Structure formats: structure tokens, C-alpha cells
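Novice: My questions concern the predicted model and sequence given below.
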Amino acid sequence: METIKIAIVDDHKMLSGAIEKMLSINKKYKVINTSSNGEEFIEALEDESVNPDVVLMDVNMPVKNGVETTQHLKDHFPAIKVIALTMEDDEKTIIAMLKAGARGYLLKEMSPKILFEAIDTVHDKGVFYTDTVTQCLLNIRTEEKVVKDCV
């Protein structure tokens with residue numbers, strides 16, 4: 001069984017610590033880095049031992065937010081797969097993260113089972129969309145179609 005190396009980027013230390021502890025119970029996962037903002041994480045990547053497969057990325061953080069950091073990873077470290085992990089459920093934020101390169105989008109209120117499923121799916125297959133993200137994408141796709149049909 002391959003170990004999935006995970007980084008957590010979140011400015012809420014208690015939350016990132018709880019996520020790290022939850023993940024460490026499962027031998028399939030190894031948390032190799034926790035950072036409190038995007039800039040700190042990007043600096044950590046200069047150390048070649050920090051090479052996560054999956055990053056759990058908060059959206060709203062000081063210094064460098066999740067959208068900026070995800071875009072940087074997409075441009076400079078395209079093999080790293082990002083899952084947004086946030087309280088933000090508005091369409092604008094979801095779309096910004098997906099355009100920046102996020103492969104999944106989870107609300108912090110989801111169950112550990114969904115988190116594990118998302119990590120496994122993103123690692124193995126590339127993307128994981130919850131019903132919230134799928135509905136957002138369907139709404140936007142429908143709006144685009146309506147606009148195109150009217151033009």
C-alpha cells in the first residue's frame with residue numbers, strides 16, 4: 001500500500017493540528033508539512049524533502065491566500081494535487097479555486113469519511129467533487145448555455 005504524503009496549509013493551528021492527528025491514525029496517510037499560509041508553504045517546498053502528493057488548502061489565509069497559492073503550485077509544482085478545505089461555499093470562491101487548479105473542494109463541516117474519500121480519489125484519479133461543487137458547476141454551465149442560446 002502506497003503512503004499518500006499530505007501537506008496542510010491553514011492559518012487555524014488548532015484545526016490543522018486536529019486534521020493532522022485524524023490523518024495520522026490512518027497508516028495510508030503521512031502528514032509531511034503543516035504551514036499557516038501559502039507563502040510559508042511555498043518556502044517549505046524549497047526543501048526537497050517536502051514533496052506532498054496532496055495539499056489540503058484553506059482559501060482565506062493571511063500573506064498568500066489559497067487561490068494565489070494553488071495557482072503558484074499549478075504553475076511551478078503541477079504534480080502536487082490541491083484540495084480546497086474551507087468554510088467558503090459561494091460559487092465565486094469555488095470557481096476561483098478550481099480555475100487556480102484545485103482538484104477538489106471540501107467544506108470544513110464534512111465528515112472524516114468524506115475527507116479520506118476525497119484524498120484517495122484525488123490522489124488516484126485526479127479530481128473529487130462534492131454535490132455542492134457539482135451543483136455550482138451545473139449552475140454555471142446552465143447559465144453559459146442560456147447566454148449562448150440567447151445570443
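Specialist: Ah, there it is.
Novice: Helices of this protein, residue ranges please.
Specialist: Ranges of helices in the chain, per DSSP state H, are 13-25, 38-44, 66-76, 91-100, 112-125, 131-150.
Novice: Could you dump the ones you listed into CSV with mean pLDDT and mean neighbour count added?
Specialist: Placement of C-beta: from N, CA and C, glycine included. Formatted as CSV, the helices of the chain follow (pLDDT from 0 to 100; neighbours: other Cβ atoms under 10 Å):
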stretch, mean pLDDT, mean neighbour count
helix 13-25, 93, 14
helix 38-44, 96, 19
helix 66-76, 96, 20
helix 91-100, 90, 18
helix 112-125, 94, 16
helix 131-150, 58, 12
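Novice: of those helices, which approaches Asp53 most closely?
Specialist: helix 112-125 (5.6 Å; Cβ to Cβ).
Novice: what's the angle between the closest one and helix 13-25?
Specialist: Interaxial angle of helix 112-125 relative to helix 13-25 (axes from the mean of the first three to the mean of the last three Cα atoms, to 10 degrees): 70 degrees.
Novice: what does helix 112-125 rub up against?
Specialist: 4, 6, 19, 22, 26, 28-29, 53-54, 56, 81, 83, 85, 103-104, 106, 127-128, 130 (Cβ atoms under 8 Å, 6 or more residues apart in numbering).
Novice: switch to 6 Å and redo it
Specialist: Here helix 112-125 makes contact (Cβ atoms under 6 Å, 6 or more residues apart in numbering) with 4, 22, 53-54, 81, 83, 103-104, 106, 128.
Novice: And the furthest pair within these?
Specialist: The distance between the two most remote of the contacts of helix 112-125 (Cβ to Cβ) is 20.3 Å, for Met22 and Arg103.
Novice: re the thing from before, list buried members of the contacts of helix 112-125 by neighbour count.
Specialist: 4, 53-54, 81, 83, 103-104, 106, 128 (16 or more other Cβ atoms under 10 Å).
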